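Novice: Here's a sequence, model it:
(one chain, ligands or ions: 2)
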Amino acid sequence: MTVREPVVVRAPAKINIHLGVGPLRGDGFHALHTVYLAVSLFDTVAVRPGEGLSLTLSGEGAGTTTGPGQVPGGPTNLVWRAAELLADHAGVRPDAAMDVVKRIPVAAGLAGGSADAAATLVALDALWGTRAARADLLALAAQLGSDVPFSLTGGVALGTGRGEQVSPVLAGGRWHWVLGIAGEGLSTPAVYAELDRLRATGRVPDGTEPTSAEPVLAALRGGAAGELARSLANDLQPAALSLRPDLRRALRAAEAAGAVAAVVSGSGPTVAALAGDEEGAVRLAAELAGVGVFRSVRAVTGPVPGARVVS
Ligand SMILES: C[C@@](CO)(OP(=O)(O)O)[C@H](O)COP(=O)(O)OP(=O)(O)OC[C@H]1O[C@@H](n2ccc(N)nc2=O)[C@H](O)[C@@H]1O
Ligand SMILES: Nc1ncnc2c1ncn2[C@@H]1O[C@H](COP(=O)(O)OP(=O)(O)O)[C@@H](O)[C@H]1O
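Specialist: Ligands and ions are numbered 1, 2, ... in the order given. So this is what the prediction gives:
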C-alpha cells in the first residue's frame, strides 16, 4: 500500500488598509470599497485521502470554546464547508482527512477563517485532481465568505461589491507592521450592526459617501510608509471602538510606541500599527509586547501571496 503524502497549503491573514463602508444592501451586506493587504501570518491546511470528511484543529484559537472566538470543529467550520462545496462543484465524493494549524487569531479582523477556507479549496483541488478553473475557485470562495476570494489571491487588492470582487492593485513596496492582538475577539456582524446603529442615530456619517480609497491607492504606488500612514482609513473603526472602548487606548499606545500610524484591522479588535521600516517594526513589537491591552503582538510584512501549496 502506498501512503500518500499530505498536500499542505498555507494562506495568509489580511489587514484592510482602507475600508470604505457604503450603505446596507437589501441582501444584508454592506457595499464596500476596501483595499486588502495580505501579511506574513499564516494558517496551514493539510489534506490526505480519507473516508468521508474529518477535521482536526490545532494551534492558537483551536481550543477556544466561548464567545465570538469559538471555532467549530465539525460541518459548520469553513474548512468543512469549502470541502463540501468543491466536491459538489466537481462531482467527486467528499473524502479527505483535513488538519488545520491555526496561527491567525480567531475573530480578530484578520480573516483567519477565510484563509482556512481558501487554503482548503486549493489543497483539495490538488488532492482530488479536480483542476477547477481559477474563476470557478473564486466563485466558490465568494459563496463561503466575502473575504475568501481575497485569501485566494493575496497581495494587495481592491475589494468591491460586498468585498468578494477583487482586483489586484499596483504596489511599489513592502510594509512592516505590528499586529496588536486583543484577548477576546469581536463578531463581524455585530460590528457592522453597530455601524448601522451609529449611522441611524447620526453619530457618524450615513455611508452614502464612504471614505475614498484614492489616497491609499496613490500611497501604495509611491511605496513610502509615511505616505501610507497618512491615508489609512477604516469606516468600521468607530463601531469597533464603540463596542470596545479600550481599543482607543490600544491605538494611542501604538502611536506612543513609535508607530507611524495605527488603525483597527477590518472589524477588529486587532490594531495594525505601521512601522517606518523592518528594524522599526522589531522595536515597535518589543515596546507593544509590554502594553496590557494586547494579549500578544506579531511583527509582519506584506504584501505576501495568497493560498499556495507549500508541500
Ligand atoms: C469586516 C471584513 C473586512 O474585510 O473582514 P473581517 O474584519 O471580518 O476580517 C469583511 O467585510 C467581513 O468579511 P467576512 O468575514 O468574509 O464576512 P461574511 O462571512 O461574508 O459576512 C458575515 C456578516 O458580516 C456582515 N457583512 C459582511 C460583509 C459586508 N460587505 N457587509 C456586511 O454587512 C453581514 O452581517 C454578514 O452576514
Ligand atoms: N476555520 C475557521 N477558523 C476560524 N473561524 C472559523 C472557522 N470556521 C468558521 N469560523 C467562524 O468564523 C468566525 C470568524 O472567524 P475569523 O475569520 O477568525 O474572524 P474575522 O471574521 O474577524 O476575520 C469565528 O468566530 C468562527 O465562529
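Novice: C-alpha from now on. contacts and neighbour counts both.
Specialist: Noted.
Novice: And the helix or strand Ala117 falls within, what does it pack against?
Specialist: Under the assignment given by DSSP states H and E, the secondary-structure element containing Ala117 is helix 112-128. Helix 112-128 sits against strand 7-24, strand 30-48, helix 78-90, helix 134-144, helix 148-153, strand 308-309, with contacts defined as 3 or more Cα pairs under 8 Å, 6 or more residues apart in numbering; DSSP states H and E.
Novice: In contact with the residue nearest the centre of the chain, which residues?
Specialist: With distances taken as Cα atoms, centre = their mean, the chain has Ala111 as the residue nearest its mean C-alpha position (2.5 Å). Ala111 is in contact with 13-14, 147, 151, counting by Cα atoms under 8 Å, 6 or more residues apart in numbering.
Novice: If we use 10 Å, what do you get?
Specialist: For Ala111, the contacting residues are 12-15, 38, 104-105, 117, 145-148, 150-151, 265-267, taking Cα atoms under 10 Å, 6 or more residues apart in numbering as the criterion.
Novice: does the residue lying closest to Val297 once chain neighbours are set aside count as helix, strand or coil?
Specialist: What sits nearest to Val297 in space, not counting adjacent residues and going by Cα to Cα, 6 or more residues apart in numbering, is Gly180, at 4.7 Å. With DSSP: H, G, I helix; E, B strand; the rest coil as the basis, the three-state label of Gly180 is strand.
Novice: And the one 5 residues further on, by the same measure?
Specialist: Secondary structure for Gly185, judged by three-state DSSP, is coil.
Novice: okay, now it: neighbour count?
Specialist: Gly185 is surrounded by 20 other residues when neighbours are defined as other Cα atoms under 10 Å.
Novice: pLDDT score for the residue nearest to it when sequence neighbours are not counted?
Specialist: Leaving aside its sequence neighbours, Gly185 sits nearest to Ala107 (Cα to Cα, 6+ apart; 4.6 Å). According to the per-residue confidence, Ala107 scores 94 in pLDDT.
Novice: Pretty sure Ala107 sits against Gly113.
Specialist: Yes - contact between Ala107 and Gly113 holds when scored by Cα atoms under 10 Å: they sit 8.4 Å apart.
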